[in-house]
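Peer 1: Generate a structure from the sequence data that follows.
(one chain, ligands or ions: 2)
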Amino acid sequence: MSDETKGGISLGGLFKGKRALVTGIANDRSIAWAIAQALHAEGAALAFTYPGAAMGERVLPLVRTLAPAAVLDMDVSSDEAIDGAMAELKEVWPTFDVLVHSIGFAPRGALAGRFTDVTTREAWRITLDVSAYSLIALTRAAKPFMPRGGSVVTLSYYGAEKVVRNYNVMGVAKAALESSMRYLAEDLGQDGIRVNAISAGPVKTLAAAGIKGMRAMLDENADKTPLRRNIDQDDVARACLYLCSDLARSVTGEVLHVDCGQSILGVVSMA
Ligand code: NAD
Ligand code: 0WE
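Peer 2: Ligands and ions are numbered 1, 2, ... in the order given. Predicted coordinates for the structure are as follows:
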């Protein structure tokens, strides 16, 4: 008999007795939501963060269903917000084992049009701060919670490696994110903390909604990836279970592509 439910997976309590802090849930299509559900199904205790009261109102009804230990207001562009949220978490959790960083943001105007023209100093600052620096800030804040080691996973995209038209300064931020991930992995290896990234193929989430040409990109991908389909959020969640668990105990500083093979392709024949 299969243990599978709703496209989910059951490995038999892989995260029993473990605690995971999950950032980046905006709604039920968020990649972080699929990750949270998968961790919950494997027995993990969960805590969540959201940026600002307005997002909190949308996120609370959703995450409540997973009986969280804490749901914290944490805008990662503010050191005070990070310090405050982690102090609040300390009240309920002396330690935790897993940090999921699933946060990315660029001002909308920077994600369409000519890179040379739309990449203002302000767009660069905001995008790199929220999307890349935040991994360093959150990992530093998580370190004292991981005295016996732990696992940090962040979400990246192919635009870090190759030019994806209109991804623009987000691609620059993802390149910085992946490099930061490697420096963190090297630095924190001695503390038993592993740091890895999942480079996910395109998925229709809030962050992908309203992106010009997104539908066309998804349709084209579905024909051209080696697996001849697109990924879904649950594909990312499965890979995240692996990276966060003991299955990946000797894996750190890695970018794991969960993209139906898209990133191995060179020229794709039109035939
Ligand atoms: P999403 O919109 O559901 O998640 C993005 C999250 O970032 C939201 O929950 C939002 O609240 C959070 N966020 C934005 N600014 C923040 C701030 N200042 N402080 C704290 N949180 C902030 O979309 P998603 O697609 O699930 O994105 C999650 C991650 O996956 C992002 O890093 C994104 O770049 C990455 N990713 C997405 C795709 C895709 O096609 N959807 C592909 C590869 C990688
Ligand atoms: O990382 C992302 C999306 C990131 C994102 C999306 C938005 C839209 C709303 C960051 N900031 C914002 N700011 C907003 O105001 N992806 C990997 C999805 C994505 O976005 C693209 C893509 C793909 C794929 C943008 C252009 C081209 C391709």
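
Peer 1: Could you pull up the residues touching the spatially most central residue of the chain?
Peer 2: In the chain, the residue lying closest to the centroid (CA atoms, centre = their mean) is Ser102, at 2.6 Å. For Ser102, the contacting residues are Val22, Thr23, Gly24, Ile25, Ser30, Ile31, Ala32, Ile35, Thr154, Leu155, by CB atoms under 8 Å, 6 or more residues apart in numbering. All C-beta atoms are positioned from the backbone trio N, CA, C, and that covers glycine.

Peer 1: I'd like those residues written out as JSON lines, with distance to ligand 1 and neighbour count added.
Peer 2: Formatted as JSON lines, these follow (distance: CB to the nearest ligand atom, whole Å; neighbours: other CB atoms under 10 Å):
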{"residue": "Val22", "distance to ligand 1": "10", "neighbour count": "28"}
{"residue": "Thr23", "distance to ligand 1": "6", "neighbour count": "23"}
{"residue": "Gly24", "distance to ligand 1": "4", "neighbour count": "24"}
{"residue": "Ile25", "distance to ligand 1": "5", "neighbour count": "26"}
{"residue": "Ser30", "distance to ligand 1": "3", "neighbour count": "21"}
{"residue": "Ile31", "distance to ligand 1": "4", "neighbour count": "27"}
{"residue": "Ala32", "distance to ligand 1": "6", "neighbour count": "26"}
{"residue": "Ile35", "distance to ligand 1": "9", "neighbour count": "30"}
{"residue": "Thr154", "distance to ligand 1": "7", "neighbour count": "30"}
{"residue": "Leu155", "distance to ligand 1": "3", "neighbour count": "26"}
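
Peer 1: between those, which is closest to ligand 2?
Peer 2: Ligand 2 has its nearest neighbour among the contacts of Ser102 in Leu155, at 7.8 Å by CB to the nearest ligand atom.
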